[in-house]
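> following is a predicted model, sequence given first.
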Amino acid sequence: MNKLKSLGFCQYKLREILSYDGLDNDLSKLIESFNHLPEDPYGKGLNRFRRYSRAIILPDKQSIEWLPSVEINGVKYSEYFQGRFNPEHVDSYRRFPSLSETIMQNNLLKKIILFDFKQTFWRKEDILLPVHVGVHFVKLLVENKNDKAISSPNNLHQDGEPFTFAHLIKRENVIGGLNAISTPENAGKLPNQVSEKELHNIFEISEPLDSYGVYDPLVSHYVSPIEKGIEDKPGVRSVILIDFQPTVVANVNEIKNIDVDQLVMV
Ligand SMILES: [Fe+2]
C-alpha cells in the first residue's frame, strides 16, 4: 500500500532503503555543504540559512536536469514561486542562492530525488511533460540560550506543490523541531489548536536520512521552532526539502493580458 497516496503522508528510513557503497562518503559531502549556507535573505536574523535550485525530471527517462540559475553580482540565484500558499510571501517570487555544481552532481542527492519521485503519482497527461523539482537545503542554527529558529510558515500549512519530501541531514543539540500532520482545513492553525482526532501524526526525525513525504492536497503539515539543547555547543537542524510539481501549460487568456514589452526573447 502506498501510504502517501492513501493517507497523504509517509515516513521513510532512507539510509536503510538506499544503502549502497559510498553512501556515507556522499552523505558527509552533503553534511559539509550545510556549513556554507548563506542566511535566508527573507528571514534575516531568524537563524535560518538556505540554498535552493531547480531541476526537471523527464518521467520516462527518470533523469535529472538542473535548470540554469541567474547570476547577480557574481552570486548564482534560483527563483522560487509558491503562489498563494505561503501566507508570509503571498504571490511573490523569492530568490535564493543556488546549490553548488558539485552538490548538484552528488550521487546521494540524485538518488534521494529519484527515490522521492518514484513515490509520486500523477495524471497521465502530466507525466508526458517534465516534472519540476525544487531542492531546498535549509539549516536552522541556534547559538545562544534563548535563541529560536523558526520554519516558514510557522503554522500548519500546505506548500502549493503536489508533493514535498523532507530529509534530515543533521540534528544536533536541539530542542523542538517536532513535525505534525493534520487535515487541509486546519492550515493556518498551530497543532495545539487542533483536536487530537484531526492530528494524523506527531513525530520527530532524528537520524540522518530520516525522511517523510506529504501529498499536499490531502494534508497540512508543520514543524515547530527549535531552541538550543543542554550541551555547550550550537544547536543545528539541517534538512533537504524536495518538492515536485507538474509543468503548467500557459493559459492563453492570461498571456494576452501581458504587455509584450515585458516578455523576453528565448
Ligand atoms: Fe511546508
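Here it is on my side, so go on. Owing to the predicted nature of the structure, the values given are computational and were not obtained by experimental measurement.
> helices along the stretch 51-200 of the chain, start to end?
101-104, 107-119 (DSSP state H, counting those that start in this stretch).
> hmm, who's touching the last one?
If I follow you right, that is helix 107-119. The contact list for helix 107-119 (Cβ atoms under 8 Å, 6 or more residues apart in numbering) reads 2, 4, 10, 12, 14, 17-18, 20, 22-23, 26-27, 29-30, 55, 57, 62, 64, 103, 131, 133, 135, 163, 165, 167, 209, 213, 240, 242, 244. (Glycine included, C-beta is placed from N, CA and C.)
> for the closest residue to S53 other than its chain neighbours, what are its contacts?
Using Cβ to Cβ, 6 or more residues apart in numbering and skipping the chain neighbours, the partner closest in space to S53 is L99 (4.3 Å). Applying Cβ under 8 Å, 6+ apart, we find L99 in contact with S33, R51, Y52, S53, V135, F137.
> mind putting those into CSV with distance to G235?
Output for those, formatted as CSV (distance: Cβ to Cβ, whole Å):
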residue, distance to G235
S33, 19
R51, 20
Y52, 23
S53, 26
V135, 24
F137, 18
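> closest one to P217 out of these, please.
V135 (21.6 Å; Cβ to Cβ).
> what's the local residue count around that closest one?
24 (other Cβ atoms under 10 Å).
> bridging residues for it?
Beta bridges link V135 to S53, I242, judged by DSSP bridges.
> let me know the pLDDT of it.
With respect to pLDDT, V135 scores 97.
> next up, the contacts around the closest residue to E161 other than its chain neighbours.
With Cβ to Cβ, 6+ apart as the criterion, E161 has its nearest non-adjacent residue at 3.9 Å, and that residue is D243. Contact analysis of D243 by Cβ under 8 Å, 6+ apart lists V133, G134, H136, D159, E161, F163, T164, F165.
> go with 6 Å
G134, E161, T164 (Cβ atoms under 6 Å, 6 or more residues apart in numbering).
> tabulate these (JSON lines), appending distance to P41 and neighbour count.
Output for the contacts of D243, formatted as JSON lines (distance: Cβ to Cβ, whole Å; neighbours: other Cβ atoms under 10 Å):
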{"residue": "G134", "distance to P41": "16", "neighbour count": "21"}
{"residue": "E161", "distance to P41": "21", "neighbour count": "19"}
{"residue": "T164", "distance to P41": "21", "neighbour count": "23"}
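> just the closest of those to W122, please.
Nearest member of the contacts of D243 to W122, counting by Cβ to Cβ, is E161, at 12.5 Å.
> ok, now how distant is the closest one from N253?
24 Å (Cβ to Cβ, to the nearest Å).
> please apply the same query to S182.
S182 is 36 Å from N253, where distance means Cβ to Cβ.
> give me the more crowded residue out of these two.
More neighbours surround S182 than the other of S182 and N253, with 22 against 7 (other Cβ under 10 Å).
> give the bridge partners for the more buried one, please.
L199, S220.
> surely it and H157 touch.
No: counting by Cβ atoms under 6 Å, S182 does not reach H157; the two are 10.0 Å apart.
> joint contacts of the two?
Common contact partners of S182 and H157 (Cβ under 6 Å, 6+ apart): S220.
> packing partners of the helix or strand hosting K5?
Assessed by DSSP states H and E, K5 sits inside helix 3-7. For helix 3-7, there is no helix or strand it packs on, judged by 3 or more Cβ pairs under 6 Å, 6 or more residues apart in numbering; DSSP states H and E.
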